[in-house]
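> Sequence plus predicted model, see below.
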Amino acid sequence: MSEVNNEAVTVSVMNQLPDASIQGESPLFHADLASVAKKGPKTGGVTFKEEALMGQITLRLNAENADQLSAAEKALGVALPTQPLTSVVEGDVSVRWISPDEWLVVVPGLKAFEVETALHAELSGHYQVVNISGGWTIYKLSGANVVDVLKKSTIVDVHPSKFPVGKVVTTTFAKSGAIIRRSGESEFELVVRRSFADYLWLWIQDASREYGLVVQA
Amino acid sequence: MSQKNRLQNGGRIDRSQPLTFTYNGKKFEGFAGDTLASALLANGVDIIGRSFKYSRPRGIVAAGAEEPNAIMQLGATEATQVPNVRATQQELFSGLVSGSTNGWPSVDNDVMGLVGKFGGKMMPPGFYYKTFMYPQSMWETYEKVIRKAAGLGRSPNEYDPDIYDKVNQHADVVVVGAGPSGLIAALTAARGGARVIIADEQNEFGGSLLSSKESIDGKAAHAWIADVVKELEANDNVMVLPRSTVNGYHDHNFLTIHERLTDHIADRAPNGQVRQRYHRVRTKWVILATGAHERPLVFGNNDVPGCMVANAISTYINRYGVVPGKELVLMTTNDNAYHTAIDWHDAGRKVQAIVDTRQNPEGELVKAARDRGITVIAGSAVIDVHGGKRVNGVSVASINEDGSKITGSVKKLSADTVASSGGWSPVIHLSCHTGSKPVWNEDVLGFLPGKTVQKQLTAGAINGTFNTAGAFEEGKKAGLEALSNLDLNAVEVAIPATIDVKESKAMALFHVPHTKPTSQAPKQFVDYQNDVTAAGIELACREGFESIEHVKRYTAMGFGTDQGKLGNINGMAVAAKILNKSIPETGTTIFRPNYTPITFGAIAGRDCGALFDPERYSAMHKWHLEHGAKFEDVGQWKRPWYFPKAGESMQQSLDRECLATRESIGILDASTLGKIDIQGKDAREFLGRIYSNAWAKLPVGKCRYGLMLKEDGMVFDDGVTSCLAENHFLMTTTSGGAATVLNWLELYHQTEWPELEVYFTSVTDHWATMTISGPNSRKLLEELIDSDVDVSKDSFKFMDWKPMTVAGVPARVFRISFTGELSFEINVQANYGMHVWKKLFEHGEKYNLTPYGTETMHILRAEKGFIIAGQDTDGSVHPYDLGMGWAVSMNKPFSFIGKRGMQREDCVRAERKQMVGIKTIDPNVVLPEGAQGVFDPTAPIPMPMVGHVSSSYWSACLGRSVALGFVKGGLDKMGEKVYYPLVDGRIVEAEICSPIFLDPKGERQNV
Amino acid sequence: MFYIYCPYCGEHREEEEFHNQGQAHIERPADPDSCSDEEWGNYMFFRKNPRGLHHEIWVHAAGCRKFFNVTRHTVTYEIKEVYKMGEQPKVVAE
């Protein structure tokens, strides 16, 4: 554990990952998607993939504070999207707007602590950085019928005129919630809570059934 | 040919595709394109049910959603039973199995029939209320018999095998109804670039055009319809929904649409297909093009099978090639209904006469009828119908100009079919759903949609514009208006050419007079489905019911599954007449969703079975499953309740789990606890305001228990919050309270104290939490951590936390205890929770490491007198009531939430109910939770109650029962007696004691 | 089912994303300890129930988690305006 001290805040930060000999188990680990992918159909209207064990960091700061914005940009290598409901992607870093003072930073799992540390190093004043990598996972849904499945699942308008590529919404999904980002014309990323992951996986299988579901490992 | 009423040619049916179906156990044949109703009529089936109250035989009267009588039970198997299906809307398919809803034991021989035959005096309105109200205790018995005799259909007793779906839609314009006005409106909006949904309840688009012989643009109407539908379907921005009823119109232009995808194909959906879809639509604009329903007239015995609404007969002839009789008498107040007599005549059957209530009818259609040699009897009305199970004649008499009395002698005519038309009622149901009050229009002789705040437009017959040319004009206008409202450019849409037929003025007549006063005349039905007669409405008015809403409730008019689509206006007219008011003065009842009945399947969608409600799992859930855990629902979490071994009862498991924990080590999956990461320089200050105790001086590395209160001073949540760093805290909440607490923190931060620099982020799911508890827990922990980390009694004290590596995984370990034993709560990133959990078991085997669930957790904490917020608290107890004044710091500088509240007069009075321990005198008796205590068990009933038992268990460790509960003034009554009179008659004697049953000095957790 | 404009997300969202938090513009007394029981009771328990315009707090619970104010007509359910915390309504009852 290290303590980060700067003029304004004192917080406890620790690298939460063990060494590589210990395998992390993502929320859908138990579903053994690799076997499902092997046995299941190779074509269908919807394709599902769990982007497992990604690094996820909640970043809170004041979007009207130029110093904080540039500090965050320096740490992340990309400027925070300050327009509501937008996202940015730069290399292996993506940032989703969540709220006027909140962003979700997604990086490869092994990079999370590094980014967390960099943010603390650059930022000053009133801000919050929280590693939430264990609490969330990412589902990638794509295919010709992906919009049909989303329309059964979420109440936001997913028509391309209202939900262009890059848009992000935090909303309800089935009876749970998700942070939905359109990553391509027929591709969406859902950031979902660990404890709801199994329910949502069941839901997606059920809602996709009439179109045929392809699972990718 | 068994289909004796089927025409050789014509209609939208396919005579090359015969379909066999069953009705009341008998086989019949119809054709593809038929409805169940048209097929039954083709086969000459007259009686399709018995009426609700009088059990009179009833036949089909209409051809659409307004049908009040032909309410069928469908389903070939038990699992596929569907009640309340209107035969007029059910498309025929091969193998369809149908039966009458009413009629017990059979429609042709009904035990209730006798009641009806005695006439109105036997069963006046309010009969059931008046007769069966007393004694009230008998109502349940009466009700069963009445319900069975009345027959409201039945639901299946088996699991529905079909798949249902809910879909969220968003549109610029939703057009409701695909008749001439709706089609043109949709075409206009679509050409202008709007996102359009057009929905119609029928299998084919076209609306009124489907029932007529009209030509459009010089070609058959259906050819024009096909062209329009083709253009709409080709447009990516248009969703075309046939067989889709817009059932509800809710706030802010939210509509629900019930789409039936396979009900026309088979008893259940083909494998894998969705049977019905429920569309939840948000739209910027709504165009109601819902058309109109023809009103029958109210006259004597107007319910005898063979009496029908005029236009329905035209629909059966023109659309289905069915003439439902041989000899027709048409009674009308208007020109339009002449179409029916002409259609009947042109189909080669006999029109006995047209009885026109107007003195001098003279329109183009009147002439066309006369030209065909049809007799028109003007200034007259059908005042009575003869026949029992089918019409065999009518009585006709001349009436005066306003239709209020009979002026001449009564003449009998033979007939097997009586068509009647009192004009058309615009279908304003959806407009009513929004709370808009309908407005009477004297020209239309009907109610039109009233003022609305919705973004709603209307077109066609709903506005009282009953001719096709007018409907086209209004449809285009509505489409253009929608485009303009959406800031889209206007487009050109050509209005198709129609042949205009001039109609002369209609007469305002609803209730046809009889030679006798209404109360003595033959029954004149207003609402067929609920057996409401004109006499019944008059009686209700005489008995003092003047408000139309009261009349409706007293007579049950409009209360059927048809919501009185045919009868309501007539009922209001009857009431208006007797009350000597105009119809607008009498007012109208309004309609509620749903427009027509909808299956529960469609409402449930896929929220059933395993998907009924989300189940939340911890990172160790699979282990629990593999080790035979029984689960308990805590919020949406599935938490292990207990872990039975083979052959164990629940109590045996609990005893074993409790003893293992107190004697060696138990382990609990505590991942479900709510966790909130709090950072900021004002975090401490914020905690001090939101918790009842002090936080200003809590050092880094320390944990503290806190109570969270509402402004009224009452406890609503509790938990341990730890100081991770000077400006960094980890708050824990109850498992069920996590979301509520986070919202509570945000509420106060955002609305009251935005100046405080603090951020909150939920980390509930991020950390997997496992608690090892018991005298050997330190030994186990030491085996799994680095040797340089000291967790000894002195360097890792009770209520300390430390970072360390457990089984190779970085962890935060908290030395806190909810069992009273030496305990360590290990938190690791959730993706590694299972790894650490399994390692603990590998090393814990030699200590008999025992997994326990929520029930053992409850017992262990109750032995220690620890509360569970939500079980021992109910929103009416403050910290002092709980004997937890130690968790309140009254001299903090800021007046924390709850401080002022708990100082109110009522909160500081003596004799409040206070939490104490309750020790039964017989140690083997476990009090039921919820039991109410009394001080004097010999007091007369109702005994003064002094408080309830909130927690009660068998304690294996103590060899006796333990209980926590509330007793008036209990904290000052230690050692005194309290009694619990139970439901089974026992009175349990108990002693008031300290809530801490085990280790009162707290030595066990401090080892 | 309301359709509510979230002033922070900048678009309309369905009602099920939001929670109503009751009457707006009720300020917590600055010095609770000096309030009489009656004053404190009024703060805690007494709320308006107008037939007409009502100012309410809503939270975008399933979205950005921000609280804001709504002026809503309790008869027609029209939402007349949406404004942020700390701001005052422009549409008020006569």
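Arrived safely.
> And the pLDDT for residue 168?
In the absence of a named chain, chain A is used. Reported pLDDT at A:Val168 in the predicted model: 98.
> meant chain B, my bad for not saying
98.
> shaky segments in the stretch 301-450 of chain B?
Filtered on pLDDT under 70, the stretch 301-450 of chain B yields no residues whatsoever.
> With chain A instead?
In chain A (pLDDT under 70), the answer is A:1-9.
> Quick check, central residue of it?
Nearest residue to the geometric centre of chain A (CA atoms, centre = their mean): A:Val191, 4.2 Å.
> Report whether stretch A:63-71 contacts chain C.
No: judged by CB under 8 Å from any CB of the partner chain, stretch A:63-71 makes no contact with chain C; its nearest approach is 11.0 Å. Bear in mind the C-beta positions are built from the backbone N, C-alpha and C, glycine included.
> whoops, stretch B:679-687 was the one
No: Stretch B:679-687 lies out of reach of chain C by CB under 8 Å from any CB, never closer than 14.2 Å.
> Then stretch B:700-711?
Yes: judged by CB under 8 Å from any CB, stretch B:700-711 comes into contact with chain C at B:Glu711.
> what kind of secondary structure is B:Gly10 in?
Secondary structure, DSSP: H, G, I helix; E, B strand; the rest coil: B:Gly10 is coil.
> what's near enough to touch the residue nearest to the centre of chain A?
Taking CB atoms under 8 Å, 6 or more residues apart in numbering or on different chains, we find A:Val191 in contact with A:56, A:96, A:104, A:106, A:136-138, A:178-179, A:181.
> 10 Å instead, please
By CB atoms under 10 Å, 6 or more residues apart in numbering or on different chains, A:Val191 lies in contact with A:51, A:54, A:56, A:96, A:98, A:104, A:106, A:132, A:136-139, A:168, A:170, A:177-181.
> all strands for chain A, in order.
Under the criterion DSSP state E, chain A contains strands at A:2-5, A:10-13, A:46-51, A:55-60, A:87-90, A:93-99, A:102-107, A:128-131, A:136-142, A:168-173, A:176-184, A:187-193, A:213-216.
> Deepest-packed of those, please.
Counting by mean count of other CB atoms under 10 Å in any protein chain shown, strand A:128-131 has the highest mean neighbour count of the strands of chain A, with a mean of 26.
> Look at residue 21 and say how many residues are nearby.
You didn't say which chain, so I picked chain A. 6 (other CB atoms under 10 Å in any protein chain shown).
> nope, chain C
17.
> hmm, the strand or helix carrying it in reach of chain A?
Secondary structure from DSSP states H and E places C:Gln21 in strand C:19-23. No: using CB under 10 Å from any CB of the partner chain, strand C:19-23 stays clear of chain A, coming no nearer than 12.3 Å.
> Remind me what that strand packs against, helices and strands.
In terms of contacts (3 or more CB pairs under 10 Å, 6 or more residues apart in numbering or on different chains; DSSP states H and E), strand C:19-23 is packed against helix B:738-751, strand C:53-59, strand C:67-73.
> right, and those - which one's nearest C:Tyr43?
Nearest to C:Tyr43 among those is helix B:738-751; the distance by CB to CB comes to 13.8 Å.
> I'd like the mean pLDDT over that closest one, please.
pLDDT averaged over helix B:738-751 gives 97.
> Just want the angle from it to strand C:67-73.
Computed by axes from the mean of the first three to the mean of the last three CA atoms, to 10 degrees, the angle separating helix B:738-751 from strand C:67-73 equals 80 degrees.
> Report the buried residues of helix B:738-751.
Applying a neighbour-count criterion of 16 or more other CB atoms under 10 Å in any protein chain shown, the buried positions in helix B:738-751 are B:738, B:740-746, B:748-751.
> can you tell me which residues contact B:Lys213?
Contacts of B:Lys213 by CB under 10 Å, 6+ apart are B:10, B:220-221, B:314, B:317-318, B:339, B:342-343, B:346.
> Only the buried subset of these, as a PyMOL command please.
In PyMOL, this line selects whichever of the contacts of B:Lys213 come out buried by 16+ other CB under 10 Å:
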select buried, chain B and resi 221+314+317+318+339+342+343
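> Dump the contacts of B:Lys213 to a markdown table, plus distance to chain C and secondary structure.
A markdown table is the format used below for the contacts of B:Lys213 (distance: CB to the nearest CB, whole Å; DSSP: H, G, I helix; E, B strand; the rest coil):
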| residue | distance to chain C | secondary structure |
| --- | --- | --- |
| B:Gly10 | 45 | coil |
| B:Ala220 | 42 | strand |
| B:Ala221 | 37 | helix |
| B:Ser314 | 39 | helix |
| B:Ile317 | 43 | helix |
| B:Asn318 | 40 | helix |
| B:His339 | 41 | helix |
| B:Ile342 | 47 | helix |
| B:Asp343 | 44 | helix |
| B:Asp346 | 49 | helix |
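> got the contact list for B:Val493?
B:Val493 sits next to B:184-185, B:187-192, B:472, B:475-476, B:479-480 when contact means CB under 10 Å, 6+ apart.
> That one should be in a helix, yeah?
No: secondary structure of B:Val493 (three-state DSSP): coil, not part of a helix.
> Grab the nearest non-local neighbour of it.
The spatial neighbour of B:Val493 that comes closest, neighbours along the chain excluded (CB to CB, 6 or more residues apart in numbering or on different chains), is B:Thr188 at 4.8 Å.
> Look up how far C:Ile79 lies from the one you found.
29 Å (CB to CB, to the nearest Å).
> ok, which stretches of the stretch 701-850 of chain B are strands?
For the stretch 701-850 of chain B, the strands defined by DSSP state E, counting those that start in this stretch cover B:703-709, B:715-725, B:728-733, B:759-762, B:767-773, B:801-806, B:809-814, B:823-829, B:850-851.
> Mean neighbour count added to these, as CSV?
Shown next, in CSV, are those (neighbours: other CB atoms under 10 Å in any protein chain shown):
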stretch, mean neighbour count
strand B:703-709, 21
strand B:715-725, 23
strand B:728-733, 25
strand B:759-762, 22
strand B:767-773, 26
strand B:801-806, 20
strand B:809-814, 23
strand B:823-829, 27
strand B:850-851, 23
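> would CSV of those strands with distance to chain A and mean pLDDT be doable?
Formatted as CSV, those follow (distance: least, CB to the nearest CB, whole Å; pLDDT from 0 to 100):
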stretch, distance to chain A, mean pLDDT
strand B:703-709, 13, 98
strand B:715-725, 4, 97
strand B:728-733, 4, 98
strand B:759-762, 4, 98
strand B:767-773, 7, 98
strand B:801-806, 4, 98
strand B:809-814, 4, 98
strand B:823-829, 4, 98
strand B:850-851, 18, 98
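> hang on, the earlier thing: among the buried residues of helix B:738-751, which ones lie close to chain C?
Among the buried residues of helix B:738-751, the ones lying near chain C by CB under 10 Å from any CB are B:742-743, B:746, B:748-751.
> buried stuff in the longest helix belonging to chain B?
Assignment by DSSP state H gives helix B:468-485 as the longest helix of chain B. Buried positions in helix B:468-485, judged by neighbour count with 16+ other CB under 10 Å: B:468-483.
> quick one, helices of chain C?
Counting by DSSP H, the helices of chain C are C:37-45.
> Spit out the contact partners of the residue of it positioned farthest from its centre.
Taking CA atoms, centre = their mean, the residue of chain C most remote from its mean C-alpha position is C:Ser34, at 26.6 Å. Each residue near C:Ser34 by CB under 10 Å, 6+ apart is listed here: B:895, B:900, C:40.
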